[in-house]
Structures are given as C-alpha cells and as structure tokens.
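Engineer: Fold the stuff below for me.
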Amino acid sequence: MTLVGHSHIPLAIPDGDQAAGGHAPGGTEIDLAGGRWLLNPGSVGQPRDGDRDAAWLLLDLGARTADFRRTAYDVAGAQEAIHATGLPDALAERLAHGV
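Structural biologist: Numbers count the residues shown, from 1 in each chain. Sure thing, here's the model as predicted:
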C-alpha cells in the first residue's frame with residue numbers, strides 16, 4: 001500500500017492500474033488484503049472532486065481496511081479566514097462547490 005496526497009481528490013487505485021480504480025467518494029470501503037493499493041485520502045481543505053466536505057481516510061492496518069470518509073465543516077468560516085489573510089478570492093469561492 002502506498003499513501004499519497006496533494007491531488008485534493010480521494011483516490012483508490014489497485015496495483016497501480018488506473019483503469020481499475022479512481023475516484024473514491026465518501027463511503028467507499030477498500031479491502032487491503034486483496035493486493036497492493038495506491039490511496040489518496042483527498043483534502044480537508046480545497047477539495048477538487050465536487051464535494052465541499054472535508055475528505056479523509058480511516059486506515060485500519062490491523063483489519064487491512066481503508067474507509068474513505070467525508071465530514072461537513074464551517075465553509076463560511078473558512079472562506080472568511082481566507083479573505084482575512086488576503087489570499088485570492090477564488091480560493092474562498094471554490095470551497096462552496098468543492099472544485
């Protein structure tokens with residue numbers, strides 16, 4: 001199993017075969033006992049898969065499972081913080097849509 005990040009999109013790709021894997025929306029459960037996986041938990045901030053909720057991965061090495069999760073958060077508060085720091089407006093606006 002390989003864990004990666006920074007793509008902002010939750011992914012599960014078996015044995016490096018992109019055609020057999022791909023986007024892993026919240027609720028996707030993976031049995032890791034069946035082979036090698038490339039996993040990306042997604043993004044807690046600035047998601048890029050059309051779902052504005054924070055994306056994260058519950059990894060249970062003992063049970064050999066990976067469970068992709070989504071959690072709602074204060075998007076308006078995050079947008080205000082982005083504006084307050086002077087970051088580009090686009091970063092705040094895209095939070096509402098997860099793109």
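Engineer: what helices or strands is the lengthiest helix in the chain leaning on?
Structural biologist: Taking DSSP state H as the criterion, the chain has its longest helix at helix 75-84. In terms of contacts (3 or more CB pairs under 8 Å, 6 or more residues apart in numbering; DSSP states H and E), helix 75-84 is packed against helix 89-95. To be clear about C-beta, it is placed using only N, CA and C from the backbone, and glycine gets the same treatment.
Engineer: Tell me the buried residues in the helix it packs on?
Structural biologist: 92, 94-95 (16 or more other CB atoms under 10 Å).
Engineer: same deal with stretch 39-53?
Structural biologist: 39-43, 47, 49, 51-53.
Engineer: Any stretches of this structure with poor pLDDT?
Structural biologist: 16, 18-19 (pLDDT under 70).
Engineer: at 90 what do you get?
Structural biologist: Within the chain, the ranges that satisfy pLDDT under 90 run 1-2, 5-8, 15-22, 34-35, 43-48, 96-99.
Engineer: tell me which element the most centrally placed residue in the chain falls in.
Structural biologist: The centre of the chain sits closest to Gly42, judged by CA atoms, centre = their mean, with a distance of 1.6 Å. Assigned by DSSP states H and E, Gly42 falls within no helix or strand.
Engineer: quick one on the thing from earlier: closest to Ala66 out of the buried residues of stretch 39-53?
Structural biologist: Of all these, Leu39 has the smallest distance to Ala66: 5.7 Å, by CB to CB.
Engineer: Phi first, then psi, for Arg69.
Structural biologist: phi -130, psi 160 (degrees, to the nearest 10).
Engineer: how many neighbours does it have?
Structural biologist: Around Arg69 sit 16 other residues, with neighbours defined as other CB atoms under 10 Å.
Engineer: mind checking the SS state of the closest residue to it other than its chain neighbours?
Structural biologist: Using CB to CB, 6 or more residues apart in numbering and skipping the chain neighbours, the partner closest in space to Arg69 is Trp56 (5.3 Å). Here Trp56 is strand, with the state taken from DSSP: H, G, I helix; E, B strand; the rest coil.
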